[in-house]
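Enquirer: requesting a structural model of the entry that follows:
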Amino acid sequence: MSDTTTERSGDTFGFIRRNIREYGILFALIIIMAFFQVVTGGILFRPVNLTNLFLQNSHIVIMAVGMLLIIVAGHIDLSVGSVAAFVGALAALMVVRLGLPIPVVVVLSLAAGAVIGGIQGYWIAYWKIPSFIVTLAGMLIFRGLTMWILQGQNIGPFPRGFQMIASGFIPDIFGPDKPHTLSLLLGWGAAALILWLQIRARRREEAVGIADEPFAFFAAKNTLIFLALVWISWVLANFRGLPNVFIVMAVLVALYAFISERTTLGRRIYAIGGNAKAAKLSGINSERVVFLTFMNMGMLAALAGIVVSARLNSATPKAGVGFELDVIAAVFIGGASMAGGVGTVIGAVVGAFIMGVMNNGMSILGIGIDYQQVIKGLVLMAAVIFDVSNKSKT
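Expert: All right, here's what the predicted structure looks like:
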């Protein structure tokens, strides 16, 4: 009996060591949220602040899912902040000055971002120019073009329909009474669906004997996620409901998690980041895959630019400054490896919310922006040191 207990204990600790990235960032998010909830006197989890937390960090989450694929493939994109600002300025020009319909503006803006990403990806993938150099040049180019388009002035305000992209909430088709019924149904339905998918995946793994995660960890993790989604849905439903941009984030996270974990394209991206030469020898068209990841990143940066402009109700010359740093930090804090080949979409999203909760909590406490930058830099450094030390032990 004792031998069996020891064996199970060894398996448990072995699983923890093998999955320290995934569980480490999840525990870090929980600890950070609990800390700021206490020191802010309960302000952090108030409905209005929780809503603001999603609205203020939506652009980081949107770009983080694209940056995750870039970093997993072994590259980097420093231009995302400038591209977001440039496309935001283009969208403002089309909406305010030209009066184009909002759906047309959104489609043209996303297409512009994809073209920009494709141009940068072409030089990186087919000419083998380091992504650091190409995207650094892109950062300067599109920052300059943003200033040229705006001529040093803000363009705005936007019509209500455009503002609703970032600051609107889904309507309640069941009536205005609280709680917001549609938000509650969507949130609880999503929580139940995620739990069911996890249970189904677990049963399949057990059926073929490849279930690696101890049942206690599996049950605790999924119970925590389920309860968190149910609680967040309840809190938001008793305020104004789910923000439109929250739905956009949820769809993107689900889509890119599926692409990265369940599709051939996703496996190829990880293979290229893990060993580019071996991936090439195995028949993977690495140039095309890298090209597509940068095109995708450009499109997501464009979407983030639209969201930011809509939330600010104007396009400004200084929009997007420092976005690339927050996005890259979110991905690394979320468990991605500097060497490529390692990282998850969910981890990148958790990393983005770690940064968002820290920003929000420190602002509530009145901590100056200078100290905030220092603290975020230390957190990023700690994540990188952890990555390097963990890799050296394996």
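Enquirer: please count neighbours and contacts with C-alpha atoms only from this point.
Expert: Noted.
Enquirer: what stretches of this structure score poorly on pLDDT?
Expert: Scanning the chain with the threshold set as pLDDT under 70 gives 1-14, 16-17, 21, 387-388, 390-394.
Enquirer: find the centremost residue of it, please.
Expert: Taking C-alpha atoms, centre = their mean, the centroid of the chain lies closest to Val61, which sits 2.9 Å from it.
Enquirer: might you quantify the distance of the strand or helix carrying that residue from its chain's geometric centre?
Expert: Assessed by DSSP states H and E, Val61 sits inside helix 47-72. Per C-alpha atoms, centre = their mean, to the nearest Å, the displacement of helix 47-72 from the mean C-alpha position of its chain is 5 Å.
Enquirer: the following helix or strand past that helix vs helix 47-72, what angle?
Expert: Downstream of helix 47-72, the next assigned helix or strand under DSSP H and E is helix 80-92. Angle, helix 80-92 to helix 47-72, by axes from the mean of the first three to the mean of the last three C-alpha atoms, to 10 degrees: 120 degrees.
Enquirer: got the CA coordinates for helix 80-92 in PDB?
Expert: The C-alpha coordinates for helix 80-92 follow below in PDB (Å, rounded to 0.1, in the frame of the first residue of the first chain):
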ATOM      1  CA  VAL A  80       2.400  45.400 -33.900                       C
ATOM      2  CA  GLY A  81       1.900  48.600 -31.900                       C
ATOM      3  CA  SER A  82       2.700  50.800 -34.900                       C
ATOM      4  CA  VAL A  83       0.600  48.700 -37.300                       C
ATOM      5  CA  ALA A  84      -2.400  48.900 -34.900                       C
ATOM      6  CA  ALA A  85      -2.000  52.700 -34.700                       C
ATOM      7  CA  PHE A  86      -1.700  53.000 -38.500                       C
ATOM      8  CA  VAL A  87      -4.800  50.900 -39.200                       C
ATOM      9  CA  GLY A  88      -6.700  52.700 -36.500                       C
ATOM     10  CA  ALA A  89      -5.800  56.000 -38.300                       C
ATOM     11  CA  LEU A  90      -6.900  54.500 -41.700                       C
ATOM     12  CA  ALA A  91     -10.200  53.400 -40.100                       C
ATOM     13  CA  ALA A  92     -10.800  56.800 -38.700                       C
END
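Enquirer: can you mark which positions in whichever helix or strand comes after it are buried?
Expert: Scanning forward in sequence from helix 80-92 by DSSP H and E, the next helix or strand is helix 102-125. Neighbour-count burial for helix 102-125 flags 105-106, 108-122, 124-125 (criterion: 16 or more other C-alpha atoms under 10 Å).
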